[in-house]
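Participant: coords below, sequence missing:
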């Protein structure tokens, strides 16, 4: 490779055109670009599609939430059932995200730092939740822990409630969101290789020192990226949680389930008001995601 | 998905000086067993308890068949819409400059970050009869909510990021040499696109398509609000499963779940097979 190509076609155009001509006004078109009108039409299609499909729903949520005035909005958020839902969602996230982060690190460590038979199979297993319907995810745990399930009678005798209670909600969420940290870490740690770690071990570092001083700083941005997605998905999980929750108001309702109940009771403004909290979290997630991604790329190129 | 797998070819000796193999491997396997293997086994074993005839009757029930059809067709349509627009979005984001590009790039992931139930009620509000877009569509006799069109809109929203995010990195690492050579040898831009660019992007597009399609087949939260949920007309397979669960019809739910699982895994296998044969023919990208 002698010439490094820049992804922007305008750079090619500028290279062809006389050096004095500015990129925009260059009369020549690069051979690997499209005519100006094609570019404009394509950009127009993208902007229209993004506005209609993505930005309009966001605006709708806020417009609907404030439709009946600010008082209704505040009242919906101050409702004790809403608070109970928020608390349960936060509890779920507080348990699910750390567990899945630990799993992600462990899985990425053994997959990227060692070679063993059946690695492909292990990687495929991690992808399973992506192709399993959330409804099936919840149903699996009912078959295991429900009243008619394998462990149901034993659990009942010992007074342990999993299904229609918060442990069931936690399990469903755990299943749906466990790949996210692992899927971010595996490609990242794969490209990083094992030289640094090997050097540290050769120089006498022990396992924990190796992890805290070398491995963790190296995977930091990828880990944060995975955690923030895992967090967003755990907070918003609906299908799996819906199956196992039992929809007991004030007890086993997470935020998305509370929204569904409000919506089905035709309390549209209240439903959208509660939804607006989640929209806020989603937007924050996108910003953080972008930031972590940039940091990760910077670290990789340095 | 298989890009990742191809990176994972063992390149080192089995003996590694690094610590933590047993610990990390043990934890990973226990975690996967409890969350994935045992629960999936529960579905399979539960369905084995049924006799063949009951199983077939449950699967071939008219309402169940109708639900599969609706799920399959709407997911397929939505995934194809996403291939077209996802490709254009990825192309425009990588190759052109325009005001607001960063915002567009950032917001593409919104369907991943936004809870599905929130997306569902927002889309319903937009496409209902009195909604911002719905009022125009209803005026020209297109029922955009509580119909298969509504389901397709929701699934398009949910699957939007997949094609963009699989095609975009391939385009970013694109080698312009072949493209330039084609142009210099006299190929029109359109011909270069069809003959040179599109075939090389095919695996990425296919991966994005399959991911969006699989996600659409299982999607529940965003669809149920806009679907209307009428049996035989707008009832998707995951919803029918939910209905059966609410009636404690575990046999019915299990049979639907098993069929959906088989379809999902066949889809993944098929995708991997196509990609494998493609890589064999064109060489690794």
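Facilitator: Okay, I see it. No experiment lies behind these values; they were computed from the predicted model shown. Numbers count the residues shown, from 1 in each chain, chains lettered A, B, ... in the order given.
Participant: so what's the backbone phi/psi at residue B:143?
Facilitator: For residue B:143, the backbone dihedrals are phi -80, psi 100 (criterion: degrees, to the nearest 10).
Participant: Tell me where the model's unsure across the stretch 151-285 of chain B.
Facilitator: B:279, B:281-285 (pLDDT under 70).
Participant: I'd say residue B:72 and residue B:217 touch.
Facilitator: Yes - between residue B:72 and residue B:217 there is a contact at 7.1 Å, judged by C-beta atoms under 8 Å. To be clear about C-beta, it is placed using only N, CA and C from the backbone, and glycine gets the same treatment.
Participant: Buried residues, stretch A:52-60. List them.
Facilitator: Within stretch A:52-60, the residues that qualify as buried are A:53, A:54, A:56, A:57, A:58, A:60, counting by 16 or more other C-beta atoms under 10 Å in any protein chain shown.
Participant: Report the mean confidence score over it.
Facilitator: What stretch A:52-60 shows for mean pLDDT is 95.
Participant: Distance of residue B:182 relative to residue B:31?
Facilitator: In this view, residue B:182 and residue B:31 are 49 Å apart by C-beta to C-beta, to the nearest Å.
Participant: tell me the domain ranges of chain A?
Facilitator: For chain A, automatic domain parsing gives the domain ranges A:26-65, A:76-301.
Participant: which residue packs closest to residue B:61, ignoring adjacent ones?
Facilitator: residue B:252 (8.0 Å; C-beta to C-beta, 6 or more residues apart in numbering or on different chains).
Participant: in whatever helix or strand that neighbour lives in, what counts as buried?
Facilitator: According to DSSP states H and E, residue B:252 maps onto helix B:250-282. Neighbour counts over helix B:250-282 (16+ other C-beta under 10 Å) mark B:250-261, B:263-264, B:267-268, B:271-272, B:274-275, B:278 as buried.
Participant: Please apply the same query to stretch A:183-202.
Facilitator: A:183, A:184, A:185, A:186, A:187, A:188, A:189, A:192, A:194, A:197, A:200, A:201.
Participant: The third one - nearest residue in space that isn't next to it in sequence?
Facilitator: So the one you mean is residue A:185. residue A:108 (3.6 Å).
Participant: For that neighbour, give me its contacts.
Facilitator: A:181, A:182, A:185, A:186, A:188, A:189, A:219 (C-beta atoms under 8 Å, 6 or more residues apart in numbering or on different chains).
Participant: Residue A:93 now?
Facilitator: Applying C-beta under 8 Å, 6+ apart, we find residue A:93 in contact with A:231, A:234, A:235.
Participant: cool, residue B:116 as well?
Facilitator: For residue B:116, the contacting residues are A:236, A:238, A:239, A:256, B:158, B:219, B:220, B:221, B:222, by C-beta under 8 Å, 6+ apart.
Participant: at 10 Å instead, please
Facilitator: A:134, A:233, A:236-239, A:256, B:154, B:157-158, B:219-225 (C-beta atoms under 10 Å, 6 or more residues apart in numbering or on different chains).
Participant: buried subset of those residues?
Facilitator: Here, 16+ other C-beta under 10 Å leaves A:134, A:233, A:236-239, A:256, B:154, B:157-158, B:219-225 buried among those.
Participant: Look up how far chain A lies from residue B:175.
Facilitator: Taking C-beta to the nearest C-beta, to the nearest Å as the measure, residue B:175 and chain A are separated by 7 Å.
Participant: about what we covered before: element containing the residue nearest to residue A:185?
Facilitator: helix A:80-113.
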